[in-house]
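> Following is a predicted model, sequence given first.
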Amino acid sequence: DTGVSQDPRHKITKRGQNVTFRCDPISEHNRLYWYRQTLGQGPEFLTYFQNEAQLEKSRLLSDRFSAERPKGSFSTLEIQRTEQGDSAMYLCASSSWDTSDTQYFGPGTRLTVL
Amino acid sequence: EDKVVQSPLSLVVHEGDTVTLNCSYEVTNFRSLLWYKQEKKAPTFLFMLTSSGIEKKSGRLSSILDKKELFSILNITATQTGDSAVYLCAVSTSGTYKYIFGTGTRLKVLA
């Protein structure tokens, strides 16, 4: 399968714990996005990487959230000191430089904070 | 503040019906509008519309963009139960990398 993959698919954690999610984009895609989606809402932009550079981050993003893409391939999203309000589906998407507006989404990581 | 509004929020039709989904937007420096279909998993890309491509068609689905009135519609003709999904509209703007999504229209097609 050469699509976008995310791991884990589901994560249940207790409030206050740290969690880390991984995204593997389509191999030739240099653009990578993270989104958060809650029930009944559309995806909400969190951050954008072009290769290894994080070029944009949502102003709404708490400083408990951090993302990396160290070698311009896979990316990780870490949430520190999780809160119940962090419960959501976390989606990763990738695109290539020549079709940048066509994003391919991964299956998402569903986070439940108890 | 940039925003994207979709209507209706939900819709129930019977197989064979034609549906029209709406997406209006208020953004600064519009670049493109995209439609996605989301079933029980990740969104899948349907169409992208820009200033140079304001009408797209693929099979029973078609979409137009009205840049003057700041909206887009997605038409689905001869609906099938497999069309049941949430349809998302997203807008991108120049000078930023983010995409602004609407809340989606939930379509249910009954057999």
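The structure has been received and is ready for your questions.
> Kindly state the beta-bridge partners for the residue positioned nearest the centre of chain A.
Residue closest to the average C-alpha location in chain A (C-alpha atoms, centre = their mean): residue A:34, at 3.3 Å. Taking DSSP bridges as the rule, residue A:34 bridges to residue A:47, residue A:92.
> Look at it and report its pLDDT.
Residue A:34 carries a pLDDT score of 97 in this model.
> cool, and residue A:97?
pLDDT, residue A:97: 79.
> residues touching the closest residue in space to it that isn't next to it in sequence, list them.
Distances taken as C-beta to C-beta, 6 or more residues apart in numbering or on different chains put residue A:30 closest to residue A:97, at 5.8 Å, once the chain neighbours are dropped. The way it works is simple: take the backbone N, C-alpha and C, and place the C-beta from them, glycine included. Going by C-beta atoms under 8 Å, 6 or more residues apart in numbering or on different chains, residue A:30 touches A:50-51, A:72, A:96-97.
> of all of chain A, which residue lies closest to chain B?
Closest residue of chain A to chain B, C-beta to the nearest C-beta: residue A:42 (3.1 Å).
> Remind me which helix or strand that residue belongs to.
Using DSSP states H and E, no element contains residue A:42; it sits outside every helix and strand.
> What separation do you get for the residue nearest to the centre of chain A and residue B:44?
Applying C-beta to C-beta, to the nearest Å, the value for residue A:34 to residue B:44 is 18 Å.
> quick one: low-confidence ranges for the chain?
With no chain named, the answer covers chain A. A:1, A:100 (pLDDT under 70).
> try again with chain B
Counting by pLDDT under 70, chain B has low-confidence residues at B:53.
> how about the strands in it?
For chain B, the strands defined by DSSP state E cover B:3-7, B:10-14, B:19-26, B:30-38, B:44-50, B:55-58, B:61-66, B:71-76, B:85-93, B:99-101, B:105-110.
> One more: chain A?
Counting by DSSP E, the strands of chain A are A:5-7, A:10-13, A:19-24, A:31-37, A:44-50, A:53-57, A:65-68, A:75-79, A:88-95, A:104-105, A:109-113.
> can you redo those strands as JSON lines with distance to residue B:32?
Listed next are these as JSON lines, based on distance: least, C-beta to C-beta, whole Å:
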{"stretch": "strand A:5-7", "distance to residue B:32": "25"}
{"stretch": "strand A:10-13", "distance to residue B:32": "33"}
{"stretch": "strand A:19-24", "distance to residue B:32": "23"}
{"stretch": "strand A:31-37", "distance to residue B:32": "14"}
{"stretch": "strand A:44-50", "distance to residue B:32": "15"}
{"stretch": "strand A:53-57", "distance to residue B:32": "16"}
{"stretch": "strand A:65-68", "distance to residue B:32": "24"}
{"stretch": "strand A:75-79", "distance to residue B:32": "23"}
{"stretch": "strand A:88-95", "distance to residue B:32": "12"}
{"stretch": "strand A:104-105", "distance to residue B:32": "16"}
{"stretch": "strand A:109-113", "distance to residue B:32": "27"}
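> Can you give me the neighbour number for the residue lying closest to residue B:51 once chain neighbours are set aside?
Using C-beta to C-beta, 6+ apart and skipping the chain neighbours, the partner closest in space to residue B:51 is residue B:67 (6.4 Å). By other C-beta atoms under 10 Å in any protein chain shown, 13 other residues sit near residue B:67.
> Repeat that for the one 5 residues further on.
The local packing count at residue B:72 equals 25, with neighbours defined by other C-beta under 10 Å.
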